[in-house]
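Asker: got a sequence here, can you model it:
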Amino acid sequence: MKLRKQQIEAIVTRIAEELANAEAVKCQDAEEFKAMLRKLIVDDLMIEDRLNDEVHKILDEHSSQIREGSIEYHKMFRMVKEKLAKERNLIL
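Answerer: Residues are numbered from 1 along each chain as shown. Modelled structure (predicted):
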């Protein structure tokens, strides 16, 4: 995950405060609302983590071809990740 727990908590707090100040959301339990926001953010970050793991696996399976073709790993990683994200309609 690209964000630390403290960063996620800061984002959750900011979103909850902004929505409350704008009176865009009414909730009886602020902590329950923050827990829901936290779960949404973490779940979304985990999607990218799983995608990264899948790209690493794909590239590992083709590592000899990558070396033979003098293709840089990080460039190939980015290309495969973008392709998979597009195929799956993921916004990264």
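Asker: neighbours around Ile58, how many?
Answerer: 15 (other Cβ atoms under 10 Å). All C-beta spots, glycine's among them, are computed from the backbone N, C-alpha and C.
Asker: which secondary structure element is home to it?
Answerer: helix 30-61 (DSSP states H and E).
Asker: helix or strand right after that helix?
Answerer: Taking DSSP H and E, what comes next after helix 30-61 is helix 63-68.
Asker: now the helix or strand immediately after that following helix in the chain: buried residues?
Answerer: Following helix 63-68 in sequence order, the next helix or strand is helix 73-87 (DSSP H and E). By neighbour count with 16 or more other Cβ atoms under 10 Å, helix 73-87 contains the buried residues Met76, Phe77, Val80, Lys81, Ala85.
Asker: for stretch 11-31, same thing?
Answerer: Buried, per 16+ other Cβ under 10 Å, within stretch 11-31: Val12, Ile15, Ala16.
Asker: sorry, back to before: so the helix holding Ile58 versus helix 73-87, what angle?
Answerer: 120 degrees (axes from the mean of the first three to the mean of the last three Cα atoms, to 10 degrees).
Asker: remind me what helix 30-61 packs against, helices and strands.
Answerer: helix 5-21, helix 73-87 (3 or more Cβ pairs under 8 Å, 6 or more residues apart in numbering; DSSP states H and E).
Asker: let me know which of the ones you listed is the nearest to Gln65.
Answerer: helix 73-87 (9.8 Å; Cβ to Cβ).
Asker: let me know the distance separating the residue of the chain positioned farthest from its centre from Arg4.
Answerer: Computed with Cα atoms, centre = their mean, the residue of the chain farthest from its C-alpha average is Glu68, at 31.6 Å. To Arg4, Glu68 is 39 Å away according to Cβ to Cβ, to the nearest Å.
Asker: swap in Val12?
Answerer: Val12 is 13 Å from Arg4, by Cβ to Cβ.
Asker: the bottom helix or strand of this structure by mean pLDDT?
Answerer: Ranked by mean pLDDT, DSSP states H and E, the weakest helix or strand in the chain is helix 63-68, scoring a mean of 76.
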